[in-house]
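[1] what shape does this take:
(one chain, ligands or ions: 1)
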Amino acid sequence: MGGVMETVERGKTMLDHIKDGFSNFKGKEFRPGQDEAIRLILDSPKKVVVICAPTGSGKSLIGMMVGAAHEKACYLCSSKQLQRQLMDDFPEARAMMGRSNFACNQDPQNRNADLCVHTTATPCNLKGDCDYEVHKRAALSHPLQILNYHYFLTEGNYVGNFAGYPMIIGDEADVLEGLLTDFIELRLSKARLDSLSLVPPRYRTATAQSGLSSWREWAAEEGAIKIKARMDKLRGRITTLKPDAAFTHQDKLAVREYKSLEALLAKLAMFTSHMDESWIFQEQKNSRGRVDGWVFQPTWLTPALSQEYFFQHGDRFLFMSATFPPRTVLAQMVGLNPGDIDYLELPSTFPTSNRPVLLQPVADMSHKSYEEELPKLVKEICRILDKHPHERGVIHTVSWKLNEAIRKLGDPRFIFHNSIDKDEVLERFSESANGVFVSPSSTRGLDLPDDLCRFVIVAKAPFQNLGDKLVSSRVYGGGLGAFWYRAICAQDLVQASGRGVRHKDDYCVTYLLDKQIEKLVVDNQNLFPKYWMEAVDYL
Ligand code: SF4
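    You can find the predicted model right below:
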């Protein structure tokens, strides 16, 4: 008993000591559940600890403290903007970003470090003082580093730096599978192949029996040969460029093309060595129905793939996010054994009365009853808008088709975006008095505190598109596919409803209108975090 108490006391002292090392948190109290979570993570014998931490639970401090308890750690986040935010909160850590974020010291007004032409044959006399190199060295020698996933994957796998960590912390780690798949998959555009005078293989279509193997042979032979030939040609030009000379526009284009071909060649090599019959490939078509590209992806990340490109870079991992699928599904998605994972859910520090989630299943928006049920959905949306005449809100339409149907209502409060102007339109929305942001693609990434959003309508269950071959291969491929399909929808639903409640005094009501959502919630309560289920009720 005394021993346990001693351990706890010692643990407390150690945690306070680590916390006080962060100037913005020195002397401050832990939020509910924070210190227990840190202790569990540090004591866990498992390779991966997953913390399901709702907004406001202070997960950044948890992650940073876990990192600081190790000799060296890397904190990964999904964007440069988040890296900057973390640096504001934790100035004791050290962030590092890719070359395009640093000016080249040789010609800082005209080029960035991604156009670096330093080689042993043409050395740069400023390399020792090069901004990019100086920052990189400082980050590499720092015990607590903040990187974005993209930079980490590129450096760790291609350059060999930023690897060998005792602890890696993945923030918003529910995106890890997608990022890792993007890193491994091969995308080829027809325009790119045309520019290299490369003809696709004879059996190139997704339905051809030997389609995949034809592409592999093509990648290993013809594809690689033509790319190397073009690189040789470009090298002839690039090697004449002196680092201290001014680059013409053509010089810059040549360096960019060379580096992009180098990356493509590495992708082809990855594809030829890992692709097997479990991979899928899809043709991409333009608006006239012509094939203008091909995408090759593994149906699931295998343990071998995720080990080679991610897990080999660390000994232990902490994954944090407001939502995660159940342990078995997560393990399947990132190529782990469920037994490798410890799983903890933190409570929400926001009162449930500030974040009600109201089930109001008025229409079945599944494919087969969509047309018949649409009028009921539209009527309910109008009724909810009348209930909030002076407030801003968001309607998640989930599909462009439903987005268009809602546009036809012609309500002047509606604010729509397209695939390229979302940020601009959001500005307009935030300046409006009672605008309603209507979007098919904003269940994640929107941060709308206080008056920016007082109500959220989820008009349709955010299921993944079964028309996508990757999704259908998983769902109809047996195993955990169908469970994964429901789990991802549940995660998106929780994310969608969280856009308007960003701190403990904030409030926002969520309306769930699709009968498919009701079915998902009622039949699969284990797919939702407890803090979210506590807020769910029927209207
Ligand atoms: S040319 Fe020199 S200064 Fe410019 S990015 Fe390369 S090493 Fe840095």
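[2] ok, residues contacting the helix or strand residue 280 falls within?
    For residue 280, the enclosing helix or strand under DSSP states H and E is strand 279-285. Around strand 279-285, the neighbours that count as contacts under CB atoms under 8 Å, 6 or more residues apart in numbering are 205-206, 211-212, 215, 291-299, 468-470, 473. No exception for glycine: its C-beta is placed from N, CA and C like everyone else's.
[3] ok, now with 10 Å
    Strand 279-285 is contacted by residues 184-190, 204-207, 211-212, 215-216, 271, 275, 290-299, 468-470, 472-474, 477 when judged by CB atoms under 10 Å, 6 or more residues apart in numbering.
[4] quick one: mean pLDDT over the helix or strand just after it.
    As assigned by DSSP H and E, the chain's next helix or strand after strand 279-285 is strand 291-298. Strand 291-298 comes out with an average pLDDT of 93.
[5] and strand 291-298, which strands flank it?
    With DSSP bridges as the test, strand 291-298 is paired with strand 186-189 (antiparallel), strand 279-285 (antiparallel).
[6] what's the distance between the residue of the stretch 151-300 of the chain found nearest the ligand and residue 519?
    In the stretch 151-300 of the chain, the residue found nearest to the ligand is residue 243; the distance is 4.0 Å by CB to the nearest ligand atom. Per CB to CB, to the nearest Å, residue 243 is found 63 Å from residue 519.
[7] next: residue 452.
    For residue 452, the distance to residue 519 equals 31 Å [CB to CB].
[8] for residue 157, same thing?
    Applying CB to CB, the value for residue 157 to residue 519 is 42 Å.
[9] between the two, which one's more packed in?
    More crowded of residue 157 and residue 519, by other CB atoms under 10 Å: residue 157, with 19 against 15.
[10] so that one makes contact with residue 149?
    No. Using CB atoms under 10 Å as the test, residue 157 is too far from residue 149 to be in contact (11.8 Å).
[11] what do the two both touch?
    With CB under 10 Å, 6+ apart, residue 157 and residue 149 have common neighbours 183, 310.
[12] tell me how this structure divides into domains.
    Following automatic domain parsing, the chain resolves into domains at 32-183+302-345, 202-296, 352-538.
[13] compare the ones you listed and say which comes out lowest on pLDDT.
    Among the domains of the chain, domain 202-296 scores lowest, with a mean of 90.
[14] ends of it, what's the gap?
    Domain 202-296 stretches 17 Å from its first residue to its last (CA to CA, to the nearest Å).
[15] so what's the residue nearest to residue 345 when sequence neighbours are not counted up against?
    Nearest residue to residue 345 in three dimensions, chain neighbours excluded: residue 52, at 4.3 Å (CB to CB, 6 or more residues apart in numbering). Contacts for residue 52 were tallied using CB under 10 Å, 6+ apart; they are 59, 174, 319-324, 343-346, 494, 529-531.
[16] go on, residue 433?
    Residue 433 neighbours (CB under 10 Å, 6+ apart): 390, 391, 392, 413, 451.
[17] enumerate the residues of the stretch 1-150 of the chain near the ligand.
    Proximity of the stretch 1-150 of the chain to the ligand (CB under 6 Å from any ligand atom) is limited to residues 104, 105, 106, 113, 116, 118, 124, 126, 127, 130, 132, 133.
[18] surely the fifth one touches residue 123?
    In other words, residue 116. No. With contacts counted by CB under 10 Å, residue 116 stays clear of residue 123, the gap being 11.5 Å.
[19] the more surrounded of those two?
    residue 116 (20 against 11).
[20] against the ligand, how distant is the closest residue to residue 444 other than its chain neighbours?
    Distances taken as CB to CB, 6+ apart put residue 495 closest to residue 444, at 4.9 Å, once the chain neighbours are dropped. Per CB to the nearest ligand atom, to the nearest Å, residue 495 is found 39 Å from the ligand.
[21] cool, and residue 32?
    47 Å.
[22] can you flag which of the contacts of residue 52 belong to helices?
    In helices, judged by DSSP state H, the following of those are found: 59, 494, 530, 531.
[23] what is the burial count for the second one?
    Here the number of neighbours of residue 494 (other CB under 10 Å) works out to 21.
[24] need the contact list for the residue of the stretch 351-500 of the chain at minimum distance from the ligand.
    Nearest residue of the stretch 351-500 of the chain to the ligand (CB to the nearest ligand atom) works out as residue 423 at 29.7 Å. Residues in contact with residue 423 (CB under 10 Å, 6+ apart) are residue 417.
[25] so where does it fall, helix or strand?
    Going by DSSP H and E, residue 423 is part of helix 422-431.
[26] extract the C-alpha set from that helix and format it as CSV.
    The C-alpha trace of helix 422-431 is given here as CSV (Å, rounded to 0.1, in the frame of the first residue of the first chain):
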residue,chain,number,x,y,z
LYS,A,422,-14.0,27.4,-49.4
ASP,A,423,-11.6,29.7,-47.4
GLU,A,424,-12.9,32.8,-49.1
VAL,A,425,-16.5,31.8,-48.7
LEU,A,426,-15.9,31.1,-45.0
GLU,A,427,-14.6,34.6,-44.6
ARG,A,428,-17.9,35.9,-46.1
PHE,A,429,-19.8,33.6,-43.8
SER,A,430,-18.0,34.8,-40.7
GLU,A,431,-18.8,38.4,-41.6
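[27] can you pull the contacts of residue 475?
    The contact partners of residue 475, taken as CB under 10 Å, 6+ apart, are 463, 464, 466, 481, 482, 483, 484, 485, 486.
[28] could you turn the buried ones of these into a ChimeraX selection?
    To isolate the buried subset of the contacts of residue 475 in ChimeraX, counting by 16 or more other CB atoms under 10 Å, use the following:
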select :463,464,481,483,484,485,486
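[29] between the contacts of residue 475, which sits nearest residue 81?
    residue 464 (26.2 Å; CB to CB).
[30] what about the nearest residue to the closest one once chain neighbours are set aside, which helix or strand?
    Leaving aside its sequence neighbours, residue 464 sits nearest to residue 471 (CB to CB, 6+ apart; 4.5 Å). Assigned by DSSP H and E, residue 471 falls within helix 469-475.
[31] swap in residue 138?
    Per DSSP H and E, residue 138 falls inside helix 131-140.
[32] and that helix, what does it pack against?
    strand 94-95, strand 144-148 (3 or more CB pairs under 10 Å, 6 or more residues apart in numbering; DSSP states H and E).
[33] pick the most buried one from these.
    Among the helices and strands packed on helix 131-140, ranked by average contacts under mean count of other CB atoms under 10 Å, first place goes to strand 144-148 (a mean of 23).
[34] okay, angle between it and helix 131-140 too, please.
    130 degrees (axes from the mean of the first three to the mean of the last three CA atoms, to 10 degrees).
[35] off-centre distance for strand 144-148?
    For strand 144-148, the distance from its own C-alpha centre to the chain's C-alpha centre is 16 Å (CA atoms, centre = their mean, to the nearest Å).
[36] near the ligand, which residues of the chain?
    Going by CB under 6 Å from any ligand atom, the residues of the chain near the ligand are 104-106, 113, 116, 118, 124, 126-127, 130, 132-133, 243.
[37] strands of the stretch 401-539 of the chain, residue ranges please.
    All strands of the stretch 401-539 of the chain, identified by DSSP state E, counting those that start in this stretch, fall at 414-416, 436-439, 455-458, 509-514, 536-538.
[38] could you dump those strands to CSV with mean neighbour count?
    Supplementary listing: the strands of the stretch 401-539 of the chain in CSV, determined by neighbours: other CB atoms under 10 Å:
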stretch, mean neighbour count
strand 414-416, 17
strand 436-439, 26
strand 455-458, 24
strand 509-514, 26
strand 536-538, 12
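[39] which one of those lies nearest to residue 82?
    When the strands of the stretch 401-539 of the chain are ranked by proximity to residue 82, the top entry is strand 436-439, at 21.0 Å, counting by CB to CB.
[40] and the closest one, what other elements does it pack with?
    Going by 3+ CB pairs under 10 Å, 6+ apart, strand 436-439 lies up against helix 370-387, strand 393-396, helix 400-407, strand 414-416, helix 422-431, strand 455-458.
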